[in-house]
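Chemist: Here's my sequence, what's the structure:
(2 chains)
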Number of protein chains: 2
Amino acid sequence: MLNKEEVGITVSKKEDFSEWYTQVVLKAQLADYAPVKGLIVLRPDGYAIWESIRTILDEKLKKTGHRNGFLPILIPESLLGKEKSHFAGFNPEVFWVTHSGDTEIGDRLALRPTSETLAYSLYSKWIQSWRDLPLKINFWNTALRAEIKATKPFLRTSEFLWQEGHTVHATQEEAESEVLAILEIYKKTVEEELAIPVITGKKSNKEKFVGAVYTTTMESIMPDGKALQMGTSHFLGQNFSKPFDVKFLDKNNVENYAWQTSWGVSWRLIGATIMVHGDDKGLVLPPRVAPIQIVIVPIYYSDKDAQRVNQKADEVERLLVSKGLRVHVDRRDELTPGFKYNEWELRGVPLRIEIGPKDLDKQKVTVARRHNRQKSDLPFDKIGSEIGTILQQIQDEMFTAAKKMLDDRTVTLTDYSRFKPELEKGHFIKAPWCGNATCEEKIKEETMADIRVIPFGSENSTGKCIYCGQQGSADVIFGRAY
Amino acid sequence: MLNKEEVGITVSKKEDFSEWYTQVVLKAQLADYAPVKGLIVLRPDGYAIWESIRTILDEKLKKTGHRNGFLPILIPESLLGKEKSHFAGFNPEVFWVTHSGDTEIGDRLALRPTSETLAYSLYSKWIQSWRDLPLKINFWNTALRAEIKATKPFLRTSEFLWQEGHTVHATQEEAESEVLAILEIYKKTVEEELAIPVITGKKSNKEKFVGAVYTTTMESIMPDGKALQMGTSHFLGQNFSKPFDVKFLDKNNVENYAWQTSWGVSWRLIGATIMVHGDDKGLVLPPRVAPIQIVIVPIYYSDKDAQRVNQKADEVERLLVSKGLRVHVDRRDELTPGFKYNEWELRGVPLRIEIGPKDLDKQKVTVARRHNRQKSDLPFDKIGSEIGTILQQIQDEMFTAAKKMLDDRTVTLTDYSRFKPELEKGHFIKAPWCGNATCEEKIKEETMADIRVIPFGSENSTGKCIYCGQQGSADVIFGRAY
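Modeler: Got it, this is the predicted structure:
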């Protein structure tokens, strides 16, 4: 058992955001470093958040006709190289298996950086006619892309948990609606469950997925002013169906190449949740994905009190568990209430219920909210009916606060001279852009900002490109990314 | 769309068991071969069975205080080699990553064949005092062990889905009870959910997990007479805690090495389910794990009938879905009922409901059971109340049939001259064994049978060793394995 100083976060979020982040991840016991550089391990609290995200998203995907499958992690080099631009994009990051036991392998095997090539080589066998379409399969697995920069848990790791969906459709229209439907599911999941608002739209051509016709994305801003891509959904057109021969016979018995999509979100969502909501005391988890939603701390200083306080704590636990809530009673005898408060605050539990002898006398408990650190009394007979409402309030207030941050940090500019100064204050910059890659590249060179997203609805700009002054084609969001 | 001959199983289970198995796996669309030898892909129906197993087992593990975590797939060679016998056991099967992009990696990276070494190097950091114990973490992931023999989906593949549990305890007693508690959870899961009876007990010293003090196992017999290890739970003693420095301070502040266990089941359970229950028409799934439990086939030959039949089919679907059952209505207009029956039988759906105009007139549906191919009538007003019972009956009857096979195929012998002939009939042989590795090895050499399990309760044999005639130490089960 560590003492309080070793356990707590020793830097403030504002002063050293990066160090603060690392301390929260490690000290809240979400993750730890693995022995290989670039790799991390998830401890049970970290994995439980992923399980919550997975359960929620999986249900939404199944309701919309998607099913899950399994793909092996090894892809032959020859297959990975079949779509040229795709291969060129991933090649430098690929881990290669060259031996099994002492035997050298002829065609080297890649650890999947993503599974388009493998999935589509199979889809071409599975799909024969229009009756086999749409084919909508999702894969919960990991992908591996060698990171050379310093490891940052959930944000920059060489292996990451994610899901990758791969769908096939008979028409371009259907595939394009799938791309948007998925992005909408992602947005709802992130906003409602993780309480993080996002801006959705298209990527510029330069920033799209290698091999896609276009990429749609949801973007958010972190408290250090950096942009985070939270999930992407790609329209692949026939770019893969042609090299991989994904064809079908239509109702008139005519052979056509199919239309495809792919899309994914990763454990980066956990990183965003930590960054957006955490504070100087540590992690702050939205109730919907918190492994423990409510911690009950019994308080007593005599054996007589211990008995009646513990009895009430057990009773409240049973009541809340029966409501389907995730509850933990901290029964550790050898620790003070204060120590326990600090520990559960560090670990981000959204709601704490304190029960002491005085509370018993007054027939109430004390309820402490993690996100705003406010305490209030709750009479015994209201616990069953009110706690659910309080958790929903917390969830809503966390979203509202995050939305305010995003809005406050998004400035609209028309004057390029203000571009860099605003960026350096940690802002997203919304500005007209002419649609030319040259301007996009120049801005990147001069400011290190790229186009994060061309928001839906802002594709027709009336302004002048912030860089070249030509007629703008869209109002876009610029930002600096991780 | 394939025609009937191409879709159906073309060999009988009895005549060519191996070919029959492969055809069922592929044609029931459970799995397919990946482009790399030894690797397979799971299609949605195959993965859905794994999801059922995972959900059921995960719930049991969580109820007994286990939590899930995540470990990366790459383990440095130096770490994998830290427990010598363990490393020697796995070394020939390990896939090695030597490059990331074009850069050569110094300490080669193994794709995990199992995660003891990685998990315990972390556990040694996470565990300091008795308060951190027991630590009970489970990992749902894949393991990789290069297979040189011909690929057999679910049974012999170079990557397989599994779970690996790794627990740490303060005392030997607690660790040993954990080993048994897990084996009991496994047995219940396999018997109740997959309807496959198993024999539980210990492995002989020769057959134990490399690095364990002892291994407990559950074994079953397949219809071709081969033995299948269905899951193992290992007592590791302090064999890993010493090299990996997994120590804790006890209540008296004295430092101790911890006691450990590890255990796992894999998608091999799906292979067993296919083999034990399938028949010449294809797959037969136990209702508890079937992706579709009930398929409804509307039958009509005129538009007028189509409307009222379909309406009833929809109504029955809604009713059964509201009972929490997994139901599918086969609405494909262009196919005959007979074609549909064959297809759903091939795919193993436990129960089929047929609804035609005559059924409507008689206010009933026809119910066809997959496992015994029996049909009966069920009045409309009994559907809601009876279908659940029928599914449970199917589940029970499937277990009873499988239990009969296991019992029929287990013969007790005292005479070695009958050993090989009985083995060749596809039998397990129960016989006294002196406990000597020499006899065990001789028997293996002469018959290709090994000791599958020393059943619990038969450790004290009164008979004479079937090989050497010395006093037996246990009545053990011999069999030939995959």
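Chemist: so who does the residue of the stretch 101-250 of chain A found nearest chain B touch?
Modeler: The stretch 101-250 of chain A approaches chain B most closely through residue A:146 (3.7 Å), counting by CB to the nearest CB. Where you see a C-beta, it was placed from the backbone N, CA and C, and this is true even at glycine. By CB atoms under 8 Å, 6 or more residues apart in numbering or on different chains, residue A:146 lies in contact with A:38, A:92-95, A:158, B:100-101.
Chemist: nearest residue to it other than its sequence neighbours?
Modeler: residue B:100 (3.7 Å; CB to CB, 6 or more residues apart in numbering or on different chains).
Chemist: quick one: residue A:82 from chain B, how far?
Modeler: 11 Å (CB to the nearest CB, to the nearest Å).
Chemist: Check which helices and strands the longest helix anywhere in chain A sits against.
Modeler: Using DSSP state H to define each element, chain A has its longest helix at helix A:383-408. Other elements packing on helix A:383-408 under the criterion 3 or more CB pairs under 8 Å, 6 or more residues apart in numbering or on different chains; DSSP states H and E are strand A:214-221, helix A:268-277, helix A:303-322, strand A:351-355, strand A:364-369.
Chemist: Kindly recompute the last result at 6 Å.
Modeler: Of the remaining helices and strands, none touches helix A:383-408 by 3 or more CB pairs under 6 Å, 6 or more residues apart in numbering or on different chains; DSSP states H and E.
Chemist: In contact with residue A:250: list those residues for me.
Modeler: A:130, A:256 (CB atoms under 6 Å, 6 or more residues apart in numbering or on different chains).
Chemist: swap in residue A:444?
Modeler: By CB under 6 Å, 6+ apart, the neighbours of residue A:444 are residue A:450.
Chemist: Can you pull the phi/psi pair for it?
Modeler: Here is the backbone geometry of residue A:444 (degrees, to the nearest 10): phi -60, psi -50.
Chemist: likewise residue A:448?
Modeler: Main-chain dihedrals, residue A:448, degrees, to the nearest 10: phi 70, psi 10.
Chemist: And for it, the neighbour number?
Modeler: Residue A:448: 12 surrounding residues under other CB atoms under 10 Å in any protein chain shown.
Chemist: again with the one 10 residues further on
Modeler: The burial count assigned to residue A:458 is 17, neighbours taken as other CB under 10 Å.
Chemist: buried sites along stretch A:241-261?
Modeler: A:241, A:243-244, A:246-249, A:256-261 (16 or more other CB atoms under 10 Å in any protein chain shown).
Chemist: isn't there a helix covering residue A:229?
Modeler: No - read with DSSP: H, G, I helix; E, B strand; the rest coil, residue A:229 is strand and lies in no helix.
Chemist: and it, what does it touch?
Modeler: A:217, A:219.
Chemist: any idea of the pLDDT on it?
Modeler: pLDDT, residue A:229: 97.
Chemist: Near residue A:456, how many other residues are there?
Modeler: 13.
Chemist: if we can go back for a sec, tilt between the longest helix of chain A and strand A:214-221?
Modeler: Helix A:383-408 runs at 110 degrees relative to strand A:214-221, counting by axes from the mean of the first three to the mean of the last three CA atoms, to 10 degrees.
Chemist: average pLDDT across stretch A:286-299?
Modeler: Rounded mean pLDDT across stretch A:286-299 is 98.
Chemist: Pull up the distance across it, start to finish.
Modeler: 26 Å (CA to CA, to the nearest Å).
Chemist: Check whether it comes near chain B.
Modeler: No - figure legend: stretch A:286-299 not in contact with chain B (CB under 6 Å from any CB of the partner chain); closest approach 8.5 Å.
Chemist: Check the buried residues of stretch A:241-261 and tell me the two furthest apart.
Modeler: A:249 and A:261 (21.1 Å; CB to CB).
Chemist: just the strands in the stretch 1-150 of chain A please.
Modeler: In the stretch 1-150 of chain A, the strands defined using DSSP state E, counting those that start in this stretch lie at A:31-33, A:40-42, A:67-68, A:74-76, A:95-100, A:103-111, A:135-144.
Chemist: which other helices and strands contact whichever helix or strand comes after the longest one?
Modeler: Translated: strand A:135-144. For strand A:135-144, the following helix or strand on the C-terminal side (DSSP states H and E) is strand A:159-169. Applying 3+ CB pairs under 6 Å, 6+ apart, one finds that strand A:159-169 makes contact with strand A:135-144, strand A:259-266.
Chemist: Tell me which of those strands is the most buried.
Modeler: strand A:259-266 (a mean of 25; mean count of other CB atoms under 10 Å in any protein chain shown).
Chemist: Partner strands of that strand, with direction?
Modeler: strand A:159-169 (antiparallel), strand A:227-237 (antiparallel) (DSSP bridges).
Chemist: With distance to residue A:85 added, can I get these in a markdown table?
Modeler: Output for those, formatted as a markdown table (distance: least, CB to CB, whole Å):
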| stretch | distance to residue A:85 |
| --- | --- |
| strand A:159-169 | 18 |
| strand A:227-237 | 12 |
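Chemist: Just the mean pLDDT for the longest helix of chain A, thanks.
Modeler: 97.
Chemist: domain assignment for chain A?
Modeler: Domain segmentation of chain A under automatic domain parsing yields A:4-277, A:292-388, A:410-479.
Chemist: so of the ones you listed, which one's packed in deepest?
Modeler: Buried most deeply of the domains of chain A, by mean count of other CB under 10 Å, is domain A:4-277, with a mean of 20.
Chemist: Which pLDDT value does the model give the residue nearest to residue A:146?
Modeler: 93.
Chemist: So which residues on the stretch 151-300 of chain A come close to chain B?
Modeler: Checking the stretch 151-300 of chain A against chain B by CB under 6 Å from any CB, the hits are residue A:159.
Chemist: Flag the shaky bits of the stretch 151-300 of chain A, pLDDT-wise.
Modeler: Under the criterion pLDDT under 70, no range of the stretch 151-300 of chain A is flagged.
Chemist: returning to that earlier point: can you tell me which of the strands paired with strand A:259-266 comes nearest to residue B:55?
Modeler: strand A:159-169 (17.1 Å).
Chemist: Give the other helices and strands that the helix or strand just after that closest one contacts.
Modeler: With elements assigned by DSSP H and E, the helix or strand that comes after strand A:159-169 is helix A:172-193. In this structure, helix A:172-193 makes packing contacts with helix A:44-63, strand A:214-221, strand A:227-237, strand A:259-266, judged by 3+ CB pairs under 6 Å, 6+ apart.
Chemist: of all those, which lies closest to residue B:60?
Modeler: Going by CB to CB, the one of those nearest residue B:60 is helix A:44-63, 15.9 Å.
Chemist: follow-up on the earlier one: what angle separates the longest helix of chain A from helix A:172-193?
Modeler: If you take the same axes, to 10 degrees, helix A:383-408 sits at 120 degrees to helix A:172-193.
Chemist: Buried by neighbour count: which residues of helix A:383-408 qualify?
Modeler: Buried, per 16+ other CB under 10 Å, within helix A:383-408: A:383, A:387, A:390-391, A:394-395, A:398-399, A:402, A:405-406.
Chemist: what about that helix, distance to the chain center?
Modeler: 19 Å (CA atoms, centre = their mean, to the nearest Å).
Chemist: Give the next helix or strand downstream of it.
Modeler: Following helix A:383-408 toward the C-terminus (DSSP H and E): strand A:410-412.
Chemist: Just the CA atoms of the helix or strand just after that following strand, as CSV, please.
Modeler: Sequence order places helix A:419-424 as the next helix or strand after strand A:410-412, per DSSP H and E. Output in CSV follows, covering the C-alpha atoms of helix A:419-424 (Å, rounded to 0.1, in the frame of the first residue of the first chain):
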residue,chain,number,x,y,z
PHE,A,419,-3.9,32.2,-37.5
LYS,A,420,-0.7,31.2,-35.7
PRO,A,421,-1.3,33.3,-32.5
GLU,A,422,-4.8,31.8,-32.1
LEU,A,423,-3.4,28.3,-32.8
GLU,A,424,-0.8,28.8,-30.1
